[in-house]
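Novice: Pasted the sequence and its predicted model underneath.
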Amino acid sequence: MLEREQDKTQPTRARSWLLGGALLAVIGAVLAVVGLFGGATLPDRAGPPVEELVVERTVFTPGTIELTVRGAGPDPVAVAQVAVNDSFTEFRGAEQPIGRLQPATLSIAYPWVGGQPYLISLLTSTGAVIEHEVPVAVATPPVVGSLQTMILLGLYVGVLPVVLGMFVLPLLRRAGPTVTRLLLAFTIGLLGFIAVEAALEGIELAGRAGGPFGGVALVFLTAAATFVVLNGVNRWVRARRPAQERGGRRAALRLATLVAGGIGLHNLGEGLAIGSAFAVGELAVGAALVIGLAVHNTTEGLAIVAPLVEHRAGWLRLLGLGLLAGAPAIVGAVVGVAVDSPTLSAALLSVGVGAIALVVVQVAEPLRDKATGRIVDPPVAVGDVVGLAVMYLTGLLVVG
């Protein structure tokens with residue numbers, strides 16, 4: 001009987017998929033026709049052209065200032081002249097008008113002096129002026145030498161602190177159930193702080209990018225999309241596991257992996273932001289920065305091992321969880337110093353926000369009281385506050 005019912009449902013599902021695909025094809029064809037021929041039936045826009053350029057990167061090399069710009073307005077922008085501190089100067093690049101979302105590089109010949117402010121004015125063919133201010137000119141470090149620095153920095157502030165934080169697991173296993181709840185709540189406070197901090201940093205970076213790719217909306221949409229996608233994948237995986245594997249040690253390992261993955265995505269975006277800041281001379285690499293970030297990120301190791309307090313895990317698995325959480329900081333820093341894209345940094349930070357939001361939901365579920373259905377009780381409240389306070393106070397040590 002079951003086989004016959006399955007045979008009947010399969011053709012129905014196939015017809016539904018075919019019908020859905022046909023409808024999507026018709027809608028796409030109609031929209032394509034409107035896009036191609038609809039503009040010809042409408043009158044031309046009245047008024048002056050709307051010209052906008054966003055400066056995404058500024059590179060200072062001896063005798064040259066290089067700007068990477070991107071069209072952010074509806075109309076193409078033709079750069080006719082360039083002035084630095086009100087003095088017109090020669091430049092190369094952008095021979096053709098820069099269209100919307102199209103990048104271009106301007107190489108400006110100018111004998112700049114380190115430590116001085118500069119106002120770069122781009123005069124368009126229509127007479128509009130687009131200005132870019134550099135508060136302090138700093139020579140851009142070479143990429144080859146910077147890669148080694150970024151690898152070491154990612155190792156010092158990403159991998160090592162997370163792994164060190166995981167060393168407290170044997171001590172935590174001696175604690176009772178109340179301490180375990182307190183530790184899980186501490187994890188929620190810690191992750192909540194990371195998510196808020198990453199969201200604020202992503203909003204700042206998106207605002208610096210000028211909004212050609214959505215600006216602040218990019219942060220919220222990317223975070224929401226990440227949460228929805230990862231939640232769907234998580235539910236799909238859980239639904240296909242046998243019922244006996246949805247609890248106990250396997251569930252604890254899965255939760256620890258989710259925590260490590262969420263922190264890893266955050267560290268990827270954080271590393272990208274660190275590399276981008278170093279590339280433009282806005283990051284002072286030194287002992288204060290390394291110590292501050294290391295102490296700040298050591299608490300992330302506590303969050304990873306919190307679900308494993310009552311379960312055994314081999315040292316290779318623990319090392320893998322540490323690398324999953326910390327190694328993306330190296331990758332992000334290396335990419336950031338070479339690419340230096342505020343939009344990409346904001347997007348990756350937003351991915352981390354969405355992933356951490358899902359992890360918070362997953363960590364909160366074991367704290368729910370089965371009798372009352374409530375999550376918050378005195379140990380949970382104390383753990384949340386302590387997690388937030390620890391992250392805030394260790395964040396004050398970060399100087400850079």
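Specialist: Sure thing, it's come through.
Novice: Poorly predicted segments of the stretch 101-250 of the chain, please.
Specialist: For the stretch 101-250 of the chain, applying pLDDT under 70 flags the ranges 143-145, 208-214, 240-247.
Novice: 90 instead?
Specialist: Scanning the stretch 101-250 of the chain with the threshold set as pLDDT under 90 gives 101-103, 114-115, 125-128, 130, 134-222, 226, 229-250.
Novice: Residue 326 is in contact with residue 267, correct?
Specialist: Yes - proximity of residue 267 to residue 326 meets the contact threshold set by C-beta atoms under 8 Å, at 6.4 Å. Backbone N, C-alpha and C define where each C-beta goes, glycine included.
Novice: Overlap of the contact sets of those two?
Specialist: With contacts defined as C-beta atoms under 8 Å, 6 or more residues apart in numbering, the residues shared by residue 267 and residue 326 are 158, 297.
Novice: Report all helices and strands that the one helix or strand residue 249 maps to contacts.
Specialist: Using DSSP states H and E, residue 249 maps to helix 248-279. Applying 3 or more C-beta pairs under 8 Å, 6 or more residues apart in numbering; DSSP states H and E, one finds that helix 248-279 contacts helix 143-154, helix 177-209, helix 287-305, helix 315-339, helix 342-364.
Novice: out of these, nearest to residue 101?
Specialist: Smallest distance to residue 101 across the helices and strands packed on helix 248-279 (C-beta to C-beta): 10.6 Å, for helix 342-364.
Novice: A strand includes residue 313, no?
Specialist: No - counting by DSSP: H, G, I helix; E, B strand; the rest coil, residue 313 falls outside a strand, being coil.
Novice: Quick check on it: phi, psi?
Specialist: Taking degrees, to the nearest 10, you get phi -150, psi 130 for the backbone angles of residue 313.
Novice: Return the distance of it relative to residue 257.
Specialist: According to C-beta to C-beta, to the nearest Å, residue 313 and residue 257 sit 11 Å apart.
Novice: Likewise for residue 159?
Specialist: The gap separating residue 159 from residue 257 is 17 Å, by C-beta to C-beta.
Novice: cool, and residue 139?
Specialist: Plainly put, residue 139 is 43 Å away from residue 257 if you go by C-beta to C-beta.
Novice: One more: residue 88?
Specialist: Plainly put, residue 88 is 58 Å away from residue 257 if you go by C-beta to C-beta.
Novice: Of the two, give the one with the bigger neighbour count.
Specialist: Using other C-beta atoms under 10 Å as the criterion, residue 88 and residue 257 rank with residue 257 on top: 17 against 11.
Novice: My read is that that one contacts residue 323, right?
Specialist: No - the pair residue 257 / residue 323 is not scored as a contact, 11.9 Å apart, by C-beta under 8 Å.
Novice: Between those two, which contacts overlap?
Specialist: With contacts defined as C-beta under 8 Å, 6+ apart, no residue is shared by residue 257 and residue 323.
Novice: per-residue pLDDT, residue 352?
Specialist: As predicted, residue 352 sits at a pLDDT of 84.
Novice: tell me the contacts of it?
Specialist: 194, 195, 198, 262, 265, 266, 267, 268, 269, 270.
Novice: burial measure for the spatially closest residue to the second one that is not a sequence neighbour, as a count.
Specialist: Spelled out, that is residue 195. Ranked by C-beta to C-beta, 6 or more residues apart in numbering and with sequence neighbours excluded, the top spatial neighbour of residue 195 is residue 356, at 4.4 Å. Per other C-beta under 10 Å, the neighbour tally for residue 356 reads 30.
Novice: Residue 356 contacts residue 191, doesn't it?
Specialist: Yes - between residue 356 and residue 191 there is a contact at 5.1 Å, judged by C-beta under 8 Å.
Novice: residues bridging contact with those two, i.e. touching both?
Specialist: Counting by C-beta under 8 Å, 6+ apart, the residues touching both residue 356 and residue 191 are 262, 263.
Novice: Isn't residue 88 up against residue 81?
Specialist: Yes - Residue 88 is within contact range of residue 81, at 5.7 Å (criterion: C-beta under 8 Å).
Novice: any low-confidence regions in the stretch 251-400 of the chain?
Specialist: In the stretch 251-400 of the chain, residues with pLDDT under 90: 251-318, 326, 329-400.
Novice: 80 instead, please
Specialist: Counting by pLDDT under 80, the stretch 251-400 of the chain has low-confidence residues at 270, 273-297, 310-313, 336-345, 365-377, 379, 394-400.
Novice: List the buried residues of stretch 249-260.
Specialist: Neighbour-count burial for stretch 249-260, counted by 16 or more other C-beta atoms under 10 Å, picks out 251, 252, 253, 254, 255, 256, 257, 258, 259, 260.
Novice: Out of those, which comes closest to residue 393?
Specialist: Using C-beta to C-beta, the shortest approach to residue 393 within these belongs to residue 259, at 21.4 Å.
Novice: Let me know the distance separating that closest one from residue 304.
Specialist: 5 Å.
Novice: what's residue 231 in contact with, if anything?
Specialist: 358, 361.
Novice: right, and the helix or strand after the helix ranked longest in the chain?
Specialist: As assigned by DSSP state H, the longest helix anywhere in the chain is helix 2-37. For helix 2-37, the following helix or strand on the C-terminal side (DSSP H and E) is strand 53-61.
Novice: CA atoms of that following strand as PDB?
Specialist: Extracted in PDB, the C-alpha atoms of strand 53-61 (Å, rounded to 0.1, in the frame of the first residue of the first chain):
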ATOM      1  CA  LEU A  53      31.400  58.200  -7.200                       C
ATOM      2  CA  VAL A  54      32.400  56.300  -4.200                       C
ATOM      3  CA  VAL A  55      36.100  56.000  -3.300                       C
ATOM      4  CA  GLU A  56      36.700  52.400  -2.100                       C
ATOM      5  CA  ARG A  57      40.400  52.500  -1.700                       C
ATOM      6  CA  THR A  58      43.300  55.000  -1.500                       C
ATOM      7  CA  VAL A  59      46.800  53.800  -2.100                       C
ATOM      8  CA  PHE A  60      49.800  56.100  -1.300                       C
ATOM      9  CA  THR A  61      53.100  55.300  -3.100                       C
END
